[in-house]
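Q: Any chance you can model this:
(2 chains)
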Amino acid sequence: MPPLPNFIKFNSLQWAISIIFIILLLSFMTLAPHTFLHSRIYIAYLSTIPFAGMIAVAMTLVVITGEIDLSFPSVMAACGFAHATVYAATGSPALGLVAAMATGALARALNGLLVVGFGVPSIIATIGTQFFWRGLTILLAGGLALNMAEIRDTAFYYVMVGRWFGWLPAQAVWFFLLTAFSWLLLNRHVFGDHVRFCGDNAPAARMMGIPVARVRVGVFVFMGMVTGLSGAMVCMEMASWWPTQGEGYMLLVFAAVFVGGTSVFGGKGTIYGTLIGAVIIGMIEAGIISCGLSGLWTRMVYGIVIMVSVSSHAALTKYSKG
Amino acid sequence: MTPLITLSQITKSYGHVSALKGIDMTLHENEILGIIGDNGAGKSTLIKILSGVEKFDSGQMFFSGKPISSPTFSVSTARKMGIETVFQDKSLGESQSIWRNFFMGRHRKNALGFIRVRHEKKEAMRVLTKILGMDGVGISPGAPVSVLSGGERQGLAIGRAMYFDARVVIMDEPTTALAVREVGKVLGFVKTLKKRGKSGIFISHNLHHVHEVADRFLFIQHGKVMAEVHRKDASPEILIETLMKCS
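A: Just a heads-up that it's a prediction; the model follows:
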């Protein structure tokens, strides 16, 4: 192959994922023009994709640090529960959100303690915390769901998940802001630079005076706060909390991160990739249905898209090295 | 003139194994000191002590005439004083870009912690191309370090140390595992280091490489300095002879 110009060569994974996205979108437009040539489906996506998307963006930072977090679905339920109970006690959804984010930060500080303090690999530590937070939440909730129908009448509900101008889902705006913030953090801020080196070569990072332990804990806490934000927003959108909240997000979040080209070995990953990954994963299901295929196809198409993306990423990584 | 670094009777043991048994050593301003020794002679322990990675058990260490107390001497205090170490594989993040590696842990940032990316890219390229004379095809600030050759990577780490005003750059086997052409590049970087008024400690077991750049040679064996040779008396043959006598 001829040498590629730098802006393609050093961002080849981002180009690849963009091309996959465009192919997928064009095929949906061709096969289901009545759905994909109208704005309604896109507005629906703007209301559904942000919840998993926000967690995927935060997870990207965790994975770049060389860690992984399998406990976020449970932490999300715990955060949602904190949100629902604080809202029930105080009548303030804003306090509920603060409680949810604090719960997330606390839960992840515990992760950080296990991983950094005791040296438990995060994949194992978070299996433990996954059970712990789900169990604790169910125990405290007595296994019952909580209804919060009145939250829909509050102004805060409108700010977080309302439909601005009568059509724009607020969560899409928050998702966009969080994505922009994370991009700045990873690409332009010292913290993001530390995150990259911790995942890439932790001994070197330590030698060069980067506070590796603090960065790891910091990333986990950031992830926790985003999980809290997402958990509280899901509760508001649905106006209820239920004990299995978050369980469906495990596949979606990891698929978005890895389809987006983030390396499981740490040190490499992009916010842009995860954003496109989240959109791809989020649009497949409705796309398949509107193409006239039955829902039975969804999982298989997910599988194909994930396999094609991660294989092309692996091939491109090899090529750009050689 | 006061030597830059003086070690006097430094010892270090790991459990029952004593790695250093009383090392005496001086490094002068603008001097390249070659440290030669076989595997297991105590070279890497010595570097670890000089760079602040390990604490020494007894003996004294002076930097510019000032005594250094072992308990508080760490990598970061060493770097603040101007002692910077280029470790073989612990100096760079492979997947990160050249400019990020150049400023790793020491970014130029504003009050909110945002990095001055354009300034850093320009400075990194200036040092690598103008001062060190690198001209490889892959050298652009955004390229990942993995596109650099082995010698260029050493150059990046050495250039980085110079840029941040290191007074002493300690190089741990910088030419090991490099192709001949790459060795030439690294030796060139070491010469640049001296030309710019810095000092260096060049640890190696390859006599020919050290011979080209060092002003003075110390031979270490069994945790002790066995011999010292000055540049004017040193030919590769004499160095080999001395090494044979020491081991």
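Q: And the pLDDT at the residue nearest the centre of chain B?
A: With distances taken as CA atoms, centre = their mean, the residue of chain B nearest its centroid is B:I170 (1.8 Å). Per-residue pLDDT puts B:I170 at 92.
Q: what helix or strand is it on?
A: strand B:168-172 (DSSP states H and E).
Q: What average pLDDT does the helix or strand harbouring A:I304 get?
A: A:I304 is part of helix A:298-321 when elements are defined by DSSP H and E. Confidence for helix A:298-321, expressed as mean pLDDT, is 85.
Q: helices or strands up against it?
A: Applying 3 or more CB pairs under 8 Å, 6 or more residues apart in numbering or on different chains; DSSP states H and E, one finds that helix A:298-321 contacts helix A:12-31, helix A:249-259, helix A:271-290. All C-beta atoms are positioned from the backbone trio N, CA, C, and that covers glycine.
Q: could you dump these to TSV with distance to A:D200 and mean pLDDT?
A: Shown next, in TSV, are those (distance: least, CB to CB, whole Å; pLDDT from 0 to 100):
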stretch	distance to A:D200	mean pLDDT
helix A:12-31	16	93
helix A:249-259	17	93
helix A:271-290	17	94
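Q: Go through those and name the closest to chain B.
A: Among those, helix A:12-31 comes nearest to chain B, with 11.5 Å by CB to the nearest CB.
Q: what's that closest one packed up against?
A: Helix A:12-31 packs on helix A:33-36, helix A:271-290, helix A:298-321, going by 3+ CB pairs under 8 Å, 6+ apart.
Q: Measure how far stretch B:53-62 is from the centre of its chain, please.
A: The chain centroid and the centroid of stretch B:53-62 are separated by 18 Å under CA atoms, centre = their mean, to the nearest Å.
Q: can you pull the buried residues of that stretch?
A: B:V53, B:E54, B:F56, B:G59, B:M61, B:F62 (16 or more other CB atoms under 10 Å in any protein chain shown).
Q: Now, those residues that are in strands?
A: B:G59, B:M61, B:F62 (DSSP state E).
Q: ok, those residues vs chain A, which is closest?
A: For these, the nearest to chain A is B:M61 (19.6 Å; CB to the nearest CB).
Q: Any chance you could note which residues of chain B sit beside chain A?
A: Residues of chain B found near chain A (CB under 8 Å from any CB of the partner chain) are B:53, B:75-76, B:79, B:85, B:87, B:89-97, B:100, B:104-107, B:109, B:112-115, B:117, B:140, B:142-144, B:146.
Q: one more time with 6 Å, if that's ok
A: With CB under 6 Å from any CB of the partner chain as the criterion, chain B meets chain A at residues B:76, B:90-91, B:93, B:95-96, B:104-105, B:107, B:109, B:113-115, B:140, B:142, B:146.
Q: so where's the chain uncertain?
A: Using chain A. Within chain A, the stretches with pLDDT under 70 are A:1-4, A:320-322.
Q: wait, chain B
A: In chain B, residues with pLDDT under 70: B:89, B:136-138, B:247.
Q: show me where chain B has strands.
A: B:5-14, B:17-27, B:32-37, B:58-63, B:66-68, B:83-86, B:168-172, B:199-204, B:216-221, B:224-230.
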